[in-house]
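1. The following comprises the amino acid sequence and a computationally predicted model.
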Amino acid sequence: MKLYIIAGERSGDLHGSNLVKAIKNLNHDVIIRGFGGDDMQKAGVDIFVHYEKLAFMGFLNLVTKAFTILKYIRLCKSDILQFQPDALILIDYGGFNRKIAKFAKPNGLKVFYYIPPKVWAWYQDRAFELKKNVDRMFVILPFEKKFYKEKADWDVDYVGNPVLDAIKSFRVDPDFLQKNELEKANKIVALLPGSRKMELKLIVPLMAEVVKRHQNFQFVVAAVDNLPEELYAPLKELGSVKFVYNSSYDLLSVADAAIVTSGTATLETGIFKVPQVVVYKMGMAEYTLVRSLVKVKFISLVNLIANKEVIKELIQNEAYPGNISQELELLLAAGKYRSAMIEEYNSIFRILDTGSASENTARLMIEDLKG
């Protein structure tokens, strides 16, 4: 059996690697090639193009990189035809993977989509395009199954959430506090500014202003080592802020509260039961465009899954130091506000806890291919 897998970002590489391991456990002879990163390569994928060459973020950035993206789409199509897989496995990265799915159908290739693009958030008619070009869809958010059924009369498979899988398999470093000179007796605030350059340019200076207002807290940044150090400069210049690299789970395991940029990190923070506030800013032109397109009430996965405001979302003009500081103090104070948020986290955990998403998806894919 031969499979071609495509993941275009860091998170897709992680979830793709876990899926590949699960597939190989069920079929030891499978050969897998595709686009991905170091994690997928370690899992046994023959990487044709590394995701770092594909990691573009934001509407305006995508426009400026359009020719580069088109080049890699052409390369991908050519490599797929030469490899002749039994199926394609697409992971997230909607703009790129939707084009590959459209190409695959007339070429007689079966298409699996694991972690599909968030079409429920904007341009919802893309659901019809996906239904036309994808043989089987594996979704990771419980409300997505209902969305596709109501929007496109399409029965998709809800397989659980891979974030929960990753956290369940995580083992805490018992020496984390000592290694980073942190004292559990003092409040630890995790700063999760994201992993994309465009986000850090706006969020890091904002976080630095919040830190200046709270010298009595221990602020720790969950940083990534594949980004230029200068992006973290406003926080590094303060001296009191500590940095941990590629250790966000260790940080969340000891944090008392967190300031988080919207994304998967909001869900991870919730599963670790850390009270949080979500902050997000973007360029005014991009924000104006996004605001006209978005069809959902919330931007954080925690609130979307709960279908109500569990955590405060401070977006664009509401994301200023005074607002964030006020919310942070509420999160750190013992009382109903903090305890109610943690109880809502428990409810979300129960909703998501449906077994291993990777193993569920791998089993359904292999069963489908065996007919």
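-> That came through fine. Numbering: from 1, shown residues only.
2. from the middle of its chain, how far away would stretch 244-256 be?
-> How far stretch 244-256 lies from its chain's middle: 16 Å, per Cα atoms, centre = their mean, to the nearest Å.
3. Send me that stretch as PDB with only the CA atoms.
-> Extracted C-alpha coordinates of stretch 244-256, given in PDB (Å, rounded to 0.1, in the frame of the first residue of the first chain):
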ATOM      1  CA  VAL A 244      11.300  28.300  27.300                       C
ATOM      2  CA  TYR A 245      11.700  26.800  23.800                       C
ATOM      3  CA  ASN A 246       9.500  24.100  22.400                       C
ATOM      4  CA  SER A 247       8.300  23.300  26.000                       C
ATOM      5  CA  SER A 248       4.800  24.800  26.100                       C
ATOM      6  CA  TYR A 249       3.200  21.800  27.700                       C
ATOM      7  CA  ASP A 250       5.800  21.800  30.500                       C
ATOM      8  CA  LEU A 251       5.000  25.500  31.000                       C
ATOM      9  CA  LEU A 252       1.300  25.000  31.000                       C
ATOM     10  CA  SER A 253       1.600  22.200  33.600                       C
ATOM     11  CA  VAL A 254       2.900  24.700  36.100                       C
ATOM     12  CA  ALA A 255       1.200  27.900  35.100                       C
ATOM     13  CA  ASP A 256      -1.300  29.700  37.200                       C
END
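4. wait, what's in contact with Phe243?
-> Val220, Val221, Ala223, Tyr232, Leu235, Lys236 (Cβ atoms under 8 Å, 6 or more residues apart in numbering). Quick note: C-beta positions are derived from backbone N, CA and C, even for glycine.
5. what's the helix or strand for it?
-> strand 242-245 (DSSP states H and E).
6. ok, that strand: who's next to it in the sheet?
-> strand 218-223 (parallel) (DSSP bridges).
7. What score does Gln147 have for pLDDT?
-> Actually, residue 147 is Phe rather than Gln. pLDDT, Phe147: 95.
8. my guess is it contacts Ala127, does it?
-> Yes. The pair Phe147 / Ala127 is scored as a contact, 7.4 Å apart, by Cβ atoms under 8 Å.
9. neighbour-wise, which of these two wins?
-> Higher neighbour count among Phe147 and Ala127: Ala127, with 23 against 17, using other Cβ atoms under 10 Å.
10. got the contact list for that one?
-> Val119, Trp120, Phe147, Tyr148, Lys151, Ala152, Trp154.
11. Return the residues in contact with the fourth one.
-> To tie it back to what came earlier, the one meant is Tyr148. Here Tyr148 is in contact with Ala127, Lys131, Met137, Val139, Trp154, Asp155, Val156 (Cβ under 8 Å, 6+ apart).
12. Quick check: neighbours shared by Phe147 and Ala127?
-> By Cβ under 8 Å, 6+ apart, the residues touching both Phe147 and Ala127 are Trp120.
13. So which bits of the strand holding Phe243 are buried?
-> Neighbour counts over strand 242-245 (16 or more other Cβ atoms under 10 Å) mark Lys242, Phe243, Val244 as buried.
14. same thing with stretch 354-365?
-> In stretch 354-365, counting by 16+ other Cβ under 10 Å, buried: Ser356, Ala357, Ser358, Glu359, Asn360, Thr361, Ala362, Arg363, Leu364, Met365.
15. Can you give me the end-to-end span of stretch 186-194?
-> Length of stretch 186-194, first residue to last, Cα to Cα, to the nearest Å: 25 Å.
16. Which positions within that stretch qualify as buried?
-> Buried, per 16+ other Cβ under 10 Å, within stretch 186-194: Lys187, Ile188, Val189, Ala190, Leu191, Leu192, Pro193, Gly194.
17. tell me the contacts of the closest residue to Ile342 other than its chain neighbours?
-> Among residues not flanking Ile342 along the chain, Lys273 sits closest, at 5.2 Å (Cβ to Cβ, 6 or more residues apart in numbering). By Cβ under 8 Å, 6+ apart, the residues touching Lys273 are Ile342, Tyr345, Asn346.
18. Does the second one belong to a helix, a strand or coil?
-> Under the three-state scheme (DSSP: H, G, I helix; E, B strand; the rest coil), Tyr345 adopts helix.
19. Could you report the neighbour count for it?
-> Using other Cβ under 10 Å, the number of residues around Tyr345 comes to 23.
20. any idea how far Val111 is from Phe103?
-> 10 Å (Cβ to Cβ, to the nearest Å).
21. Pick out whichever of the two has more residues nearby.
-> Legend: neighbour count by other Cβ under 10 Å for Val111 and Phe103, higher for Val111 (21 against 18).
22. Tell me who's in contact with that one.
-> Applying Cβ under 8 Å, 6+ apart to Val111 gives the contacts Ala87, Leu88, Leu90, Ala101, Ala104, Lys105, Asn133, Val134, Asp135, Arg136.
23. which SSE is it in?
-> Secondary structure assignment for Val111, by DSSP H and E: strand 110-114.
24. buried set for that strand?
-> Residues Lys110, Val111, Phe112, Tyr113, Tyr114 are the ones in strand 110-114 that count as buried (16+ other Cβ under 10 Å).
25. quick one: which of these is nearest Val296?
-> Set against Val296, the nearest of the buried residues of strand 110-114 by Cβ to Cβ is Tyr113 (20.3 Å).
26. What residues are bridge-paired with that closest one?
-> Going by DSSP bridges, Tyr113 forms beta bridges with Leu90, Met137.
27. For it, give its distance to Val163.
-> 18 Å.
28. and what of Leu369?
-> Here the criterion is Cβ to Cβ. By it, Leu369 lies 26 Å from Val163.
29. try Ser325
-> Ser325 sits 28 Å away from Val163, going by Cβ to Cβ.
30. Looking at the two, which is more packed in?
-> Using other Cβ under 10 Å as the criterion, Ser325 and Val163 rank with Val163 on top: 21 against 18.
31. Give me the neighbour count for Leu251.
-> Neighbours of Leu251 using other Cβ under 10 Å come to 25.
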